[in-house]
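here is the input, now give the coordinates:
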Amino acid sequence: MNPITPIIVTLDFLEFPPGNTCRGEDRSPALNIKNLDAQSVAIMVFNPFIKSCCSFTPWIIWNIPPLSRIPEGFPKEPQVLKPVQAVQGINDYGTIGYHGPCPPDGEMHRYQFRVYSLDTMLDLPPGSTKDDLIKAMRGHVVQYGETVALAR
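Predicted coordinates for the structure are as follows:
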């Protein structure tokens, strides 16, 4: 088994602009990825600040083509063709697709964007859960990177 190598993941912001939050258009943000060498990409977003649990997940998406810039604005559909082809699962809100930050007034939350470079396209149906995605990725992660953004 080869070691997992790092990729560099960045967002275009440190603090979420309104368009990427529940108070705006609730649009998924673009991600920039350097040193990517993959067959596909999977992204999981975590908010560790939700008090009812430890790893609340507002977005899971996989089978994204290996691009240096993952575009913004994925529609809230299980299988998408635009802005690029991808498959999305059920987030911890119980819905499909990206759900932007929505912390209570006066609170600041940190969102972790974890990006997995995979050696295959995953045979995982649309609407799967984060546990399903984690199981499907086992043995296929060849690169990994993450970044964070703040929301208030």
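
what about the strands in the protein?
5-6, 8-10, 31-34, 40-47, 56-64, 69-70, 79-80, 86-88, 109-118, 141-151 (DSSP state E).

helices or strands up against the fifth one?
By that I understand strand 56-64. On a contact count with 3 or more C-beta pairs under 8 Å, 6 or more residues apart in numbering; DSSP states H and E, strand 56-64 meets strand 40-47, strand 86-88, helix 130-137. C-betas here are computed from N, CA, C, even on glycine.

same question for the second one.
Helices and strands touching strand 8-10, by 3+ C-beta pairs under 8 Å, 6+ apart, are strand 31-34, strand 141-151.

now render those as JSON lines, adding mean pLDDT.
Listed next are the helices and strands packed on strand 8-10 as JSON lines, based on pLDDT from 0 to 100:
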{"stretch": "strand 31-34", "mean pLDDT": "98"}
{"stretch": "strand 141-151", "mean pLDDT": "97"}
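
okay, those strands in CSV with distance to Tyr98 and mean neighbour count next?
Formatted as CSV, the helices and strands packed on strand 8-10 follow (distance: least, C-beta to C-beta, whole Å; neighbours: other C-beta atoms under 10 Å):
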stretch, distance to Tyr98, mean neighbour count
strand 31-34, 12, 18
strand 141-151, 13, 17
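
using TSV, please lay out those strands together with distance to Phe113.
TSV is the format used below for the helices and strands packed on strand 8-10 (distance: least, C-beta to C-beta, whole Å):
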stretch	distance to Phe113
strand 31-34	6
strand 141-151	5
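
before we move on, the earlier item: the helices and strands packed on strand 56-64: which one's closest to Thr147?
Of all the helices and strands packed on strand 56-64, strand 40-47 sits nearest to Thr147, with 10.4 Å by C-beta to C-beta.

now do the closest one: distance to the chain's middle.
Put simply, strand 40-47 sits 3 Å off its chain's centre (C-alpha atoms, centre = their mean, to the nearest Å).

strands paired with that strand, and their directions?
Within its sheet, strand 40-47 is paired with strand 56-64 (antiparallel), strand 109-118 (antiparallel), according to DSSP bridges.

alright, calling it a day.
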